[in-house]
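> Coordinates only, no sequence provided:
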Ligand SMILES: O=C(CO)[C@H](O)[C@H](O)COP(=O)(O)O
Ligand SMILES: [Fe+2]
């Protein structure tokens, strides 16, 4: 079954706890951490992740768009994140970092910006629980989906299959009712959606509708393992 991870970036930051509860039933709550250095935007950090993890039963999927990921990522596990994604471009020692995240008890995930190819990271895939392919330039919600990322999603799915891995393949950026099926057809099975969830009247219903739409594709996909 496809997983839908609503991005809190598109929620009302003055009511974060209520907004987190509004999507209970989603698989994970996606939390975008930005430091105004790795990306030109600033959002939230460890204390807010800690507060959010106490405010909702939905596990937190922390997407760290920050420099010096090696130093900071483990702190997000300690703050209560169930999955921590660092950027390949921001990690000095990605293997050591992934092992540290796993050893602390969270799922380890690595993200690639649009211009970063997957191929140099092929041998690292067994160290990861999820790979995130950005389908916009990271930094802001509400941007248009980059179709040119579809071949990279496809190639990544092929590498995962070739190595017989149970790695989740996440897409993030511009995922909506008009783009989710293309992502699923290319091989994604975890879908982040910000504006397509929180920009609607009924975020919980938007999550259900997106999941049903993705499942029309993933239900028959050979790569989908029992999530
Ligand atoms: O990582 C992100 C931006 O860097 C966000 O997760 C993403 O943009 C979600 O928002 P939307 O679905 O509106 O594109
Ligand atoms: Fe994100």
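Alright, I've got the coordinates. Predicted, not measured: the structure shown is a model, and the values here were computed from it. Ligands and ions are numbered 1, 2, ... in the order given.
> quick one: contacts for the closest residue to residue 68 other than its chain neighbours?
The spatially closest residue to residue 68, leaving aside those adjacent along the chain, is residue 90, at 7.1 Å (C-beta to C-beta, 6 or more residues apart in numbering). All C-beta spots, glycine's among them, are computed from the backbone N, C-alpha and C. Residue 90 is in contact with 38, 64-69, counting by C-beta atoms under 8 Å, 6 or more residues apart in numbering.
> which residues sit in contact with the residue in the chain positioned nearest to ligand 2?
Closest to ligand 2 within the chain is residue 63: 3.7 Å, counting by C-beta to the ion. Counting by C-beta under 8 Å, 6+ apart, residue 63 makes contact with 30-33, 85, 111, 132, 172, 192.
> What about these, which are in strands?
Taking DSSP state E, the ones among the contacts of residue 63 that sit in strands are 30-33, 85, 111, 132, 172, 192.
> so what's residue 182 up against?
Taking C-beta under 8 Å, 6+ apart, we find residue 182 in contact with 147, 150.
> Look up which helix or strand it falls in, please.
helix 180-186 (DSSP states H and E).
> Is that helix positioned near ligand 1?
No. Applying C-beta under 6 Å from any ligand atom, one finds helix 180-186 separated from ligand 1 by no less than 10.5 Å.
> what comes up buried for that helix?
180, 182-184, 186 (16 or more other C-beta atoms under 10 Å).
> what does stretch 31-46 rub up against?
7-9, 13, 49, 52, 60-67, 72, 75-76, 79, 81, 87, 89-90, 138-141.
> Give me the buried positions along it.
31-35, 38-39, 43-46.
> now do the same end-to-end measure for that stretch.
11 Å (C-alpha to C-alpha, to the nearest Å).
> One more: stretch 195-214?
Termini of stretch 195-214 sit 17 Å apart (C-alpha to C-alpha).
> can you check stretch 77-93 too?
By C-alpha to C-alpha, one end of stretch 77-93 lies 17 Å from the other end.
> same check, this time on stretch 40-54
29 Å.
> quick one: buried residues of the helix ranked longest in the chain?
Looking across the chain with DSSP state H, the single longest helix is helix 203-218. Of the residues in helix 203-218, 203-204, 206-207, 209-211, 213-215, 217-218 count as buried by neighbour count, 16+ other C-beta under 10 Å.
> and these as TSV, adding distance to ligand 2 and pLDDT?
Converted to TSV, the buried residues of helix 203-218 look like this (distance: C-beta to the ion, whole Å; pLDDT from 0 to 100):
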residue	distance to ligand 2	pLDDT
203	16	98
204	20	98
206	17	98
207	16	98
209	20	98
210	15	98
211	18	98
213	20	98
214	17	98
215	22	97
217	22	94
218	20	83
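> would TSV of those residues with distance to ligand 1 be doable?
Putting the buried residues of helix 203-218 into TSV (distance: C-beta to the nearest ligand atom, whole Å) gives the following:
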residue	distance to ligand 1
203	12
204	16
206	11
207	12
209	14
210	10
211	15
213	15
214	14
215	19
217	18
218	19
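> returning to what we had before: just checking, what packs against the longest helix of the chain?
If contacts are counted by 3 or more C-beta pairs under 8 Å, 6 or more residues apart in numbering; DSSP states H and E, helix 203-218 sits against strand 3-6, helix 180-186, strand 190-193, helix 195-198.
> Make CSV out of these and add mean pLDDT.
Listed next are the helices and strands packed on helix 203-218 as CSV, based on pLDDT from 0 to 100:
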stretch, mean pLDDT
strand 3-6, 98
helix 180-186, 98
strand 190-193, 98
helix 195-198, 98
